[in-house]
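Peer 1: Generate coordinates for the sequence data below:
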Amino acid sequence: MSSGNEAPSFNARVAILMAMAMFVLVVDTSLMNVSISAVVRDLDATASGVQGAIALEALVSAAFILIGGKTGDLIGRKRAYVFGLIGYMIGAVAMTFAWSLTAVIIFWAIIGGLGASLLLPSMQSLIHGNFEGAHRTRVYAMVGAAAAIAAAVGPLLGGAITTFLSWRVGFALEALTILVVLIGVRLVKDVPFTGDRSVDVFGSVLSVVGMGGIVLGILLWQEGAGYVGATIALGIIALIGLGFWLVRRKRRGRATLLDPALFSSKPFRTGATGQLLQQITLGGTMIVLPLYLQMVLEYDAFLAGLSIAPLSLSMFVIALLAGRGIKRRPATIILWGFLLALVGLVVLVPLVPIATSGWYLAIPLIVVGSGLGMLVSQLNNYTLSPIAEERVSEAAGVNSAAGSFGLSFGLAFAGAILLAALASSFASLTASSTVLTDDEKSQVSAVLEEDAELMSNTGLQEMLADEPPATADEIVRINDEAGPFALQVALFVPILAAGAGALNALRMRRLPDPAPSSGHESVVG
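Peer 2: So this is what the prediction gives:
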């Protein structure tokens, strides 16, 4: 990038507007997570359907983020930034007036996800081109702080708005915030791309099919659809094919979607792997906990957000402390982060069936949040610091793609495991019941085969209002046992990811600490 496009002085308004955009991006997902039960009720949808939409939004962002970075190179970073904001605004407006789950999937998950894939890479390039030196570092710190604050207050803010007003109000406020950012976009100077403008079309298609196929296959499994194995296999084959394709194109001197030489750096490989596993841990945790709190403990969105606050607030505080005050090797801090997350999640498992309120979960969630905070403070810098400045934007795109894919995978896979465990447990408990007749057992089995759905006891009692009292009470009893068990099983998705992350961090510790390049400051949390 040309240094002639760098602003000589600090433009506080541009910095604040970009921090506002990042804040909205992070709050958006928090609002959907804590509003699941309200959205299910208002749209007459299912919890698995809304959960699938959340995973799909993260999936679209992950699948297209590498293409989004290249699109910014071709059409202009500022234009890509504007299109990204508009895409996200369309999603927020659609949620404000949503009438069905289909509208949520099309406008919020797909169009909003595409907006995020354009917005994140272009924002990094614009910050790099509009600020220089200490000013640039300051803006990256502001944007990272906005993301951390949003993660900390998002569940509380979203829960309060959903409970006392409406989840639609929350998305309307998102749309207004994005409108303010769009009005101020004239202050942002464009950053022209001076590199190769050739497009690797086939590589782009492979990246979308690869990352999309794996998570889409899991979503199909979650919804009980067919072709699950074929879809996942297609995704895996496409990712393997992408690797061979990139190497082949590079050897021939042709344009590539991304430079395969990036992966020759062991710190980059282990760091991107850590980013993937961190986001699987976070995604799996943040889909299971809201479902547990709202469907099993029957909390409203505000109480659910308040119960999750120990995780998000401790994550925010520890991220600040670990980033400034802990004088340890980055690999050591990352190892401790994964270990703390692992311990906290393991402790949650036996608490799920006996907890009568969110207070039971507070201490384990503080431990999990502390671990994730350590990871947030270190992983991006560890991964990108050894990358040369001219490759930082591309490397950051790969790192962001790994994180987005991990988040969508964690959301989808934990949700699918939850529903599979629920169906299995419910069927087993139904078959062993001494209260239900054979006909009633067959009816329950038929319903489970068609659609396994995590439901609150209140919702189940309303559904069973016309059934004999003994039958209704027995099914509610079975639900009391099956629901917590399914959630316990689903927690093993983030548990296994945290354990794999700890093993990956041990590999990091065997490597020398990466030496920062001149481009290390262009890291976005």
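Peer 1: contacts, neighbours, all on C-alpha from now
Peer 2: Noted.
Peer 1: got a list of what the residue nearest the centre of the chain touches?
Peer 2: Nearest residue to the geometric centre of the chain (C-alpha atoms, centre = their mean): Leu407, 3.6 Å. Residues in contact with Leu407 (C-alpha atoms under 8 Å, 6 or more residues apart in numbering) are Ala55, Ala58, Leu276, Gln279, Ile280, Thr281, Leu282, Gly283, Gly284.
Peer 1: Identify, from those, the entry nearest to Leu242.
Peer 2: Leu276 (18.0 Å; C-alpha to C-alpha).
Peer 1: What pLDDT does the model give the closest one?
Peer 2: On pLDDT, Leu276 comes in at 89.
Peer 1: quick one: Leu340 from Leu365, how far?
Peer 2: Distance, Leu340 to Leu365, using C-alpha to C-alpha, to the nearest Å: 10 Å.
Peer 1: Now do the same contact list for the residue nearest to Val188 when sequence neighbours are not counted.
Peer 2: Using C-alpha to C-alpha, 6 or more residues apart in numbering and skipping residues adjacent in sequence, the residue nearest Val188 is Val14, 6.4 Å away. Neighbouring residues of Val14 by C-alpha under 8 Å, 6+ apart: Gly184, Val185, Leu187, Val188.
Peer 1: buried subset of the residues you listed?
Peer 2: Val185, Val188 (16 or more other C-alpha atoms under 10 Å).
Peer 1: about what we covered before: what about the residue nearest to the centre of the chain, which helix or strand?
Peer 2: In the assignment (DSSP states H and E), Leu407 maps to helix 389-431.
Peer 1: Can you tell me how far the residue nearest to Val188 is from Val185?
Peer 2: 8 Å.
Peer 1: what does Thr332 give?
Peer 2: From Thr332 to Val185 the distance is 41 Å (C-alpha to C-alpha).
Peer 1: Could you do Val493 as well?
Peer 2: 41 Å.
Peer 1: got it, and Ala395?
Peer 2: 26 Å.
Peer 1: Give me the phi and psi angles of Ser433.
Peer 2: When read as degrees, to the nearest 10, the backbone of Ser433 gives phi -70, psi 140.
Peer 1: Can you give me the neighbour number for it?
Peer 2: Using other C-alpha atoms under 10 Å, Ser433 has 15 other residues around it.
Peer 1: these two touch, right, Lys250 and Leu262?
Peer 2: No - the pair Lys250 and Leu262 does not pass the contact test of C-alpha atoms under 8 Å, sitting 11.8 Å apart.
Peer 1: and Ile178, what helix or strand is that in?
Peer 2: Ile178 belongs to helix 167-183, assigned by DSSP H and E.
Peer 1: list the helices and strands that helix packs on?
Peer 2: Using 3 or more C-alpha pairs under 8 Å, 6 or more residues apart in numbering; DSSP states H and E, the elements in contact with helix 167-183 are helix 12-34, helix 77-96, helix 133-164.
Peer 1: could I get these as a markdown table with distance to Ala47 and mean pLDDT?
Peer 2: Formatted as a markdown table, these follow (distance: least, C-alpha to C-alpha, whole Å; pLDDT from 0 to 100):
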| stretch | distance to Ala47 | mean pLDDT |
| --- | --- | --- |
| helix 12-34 | 11 | 81 |
| helix 77-96 | 16 | 89 |
| helix 133-164 | 16 | 70 |
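Peer 1: Buried deepest among those, which one?
Peer 2: Stretch with highest mean neighbour count among the helices and strands packed on helix 167-183: helix 77-96 (a mean of 24; mean count of other C-alpha atoms under 10 Å).
Peer 1: what's that one packed up against?
Peer 2: Applying 3+ C-alpha pairs under 8 Å, 6+ apart, one finds that helix 77-96 contacts helix 47-75, helix 112-130, helix 167-183.
Peer 1: just how off-centre is it within its chain?
Peer 2: Helix 77-96 sits 18 Å away from the centroid of its parent chain (C-alpha atoms, centre = their mean, to the nearest Å).
Peer 1: now do stretch 210-222
Peer 2: 15 Å.
Peer 1: on contacts alone, who are the packing partners of the helix or strand hosting Leu246?
Peer 2: Using DSSP H and E, Leu246 falls within helix 228-251. In terms of contacts (3+ C-alpha pairs under 8 Å, 6+ apart), helix 228-251 is packed against helix 201-222.
Peer 1: Kindly reformat the helices and strands packed on helix 167-183 as a markdown table containing distance to Met508.
Peer 2: Formatted as a markdown table, the helices and strands packed on helix 167-183 follow (distance: least, C-alpha to C-alpha, whole Å):
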| stretch | distance to Met508 |
| --- | --- |
| helix 12-34 | 28 |
| helix 77-96 | 34 |
| helix 133-164 | 24 |
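Peer 1: Can you tell me the closest non-neighbouring residue to Ile105?
Peer 2: Ala53 is the one closest to Ile105 (C-alpha to C-alpha, 6+ apart), at 5.6 Å.
Peer 1: and the spatially closest residue to Leu464 that is not a sequence neighbour, how far is that from Asp73?
Peer 2: Ranked by C-alpha to C-alpha, 6+ apart and with sequence neighbours excluded, the top spatial neighbour of Leu464 is Ala472, at 5.8 Å. Going from Ala472 to Asp73 by C-alpha to C-alpha gives 60 Å.
Peer 1: try Leu491
Peer 2: According to C-alpha to C-alpha, Leu491 and Asp73 sit 40 Å apart.
Peer 1: now swap in Leu375 and tell me
Peer 2: From Leu375 to Asp73 the distance is 30 Å (C-alpha to C-alpha).
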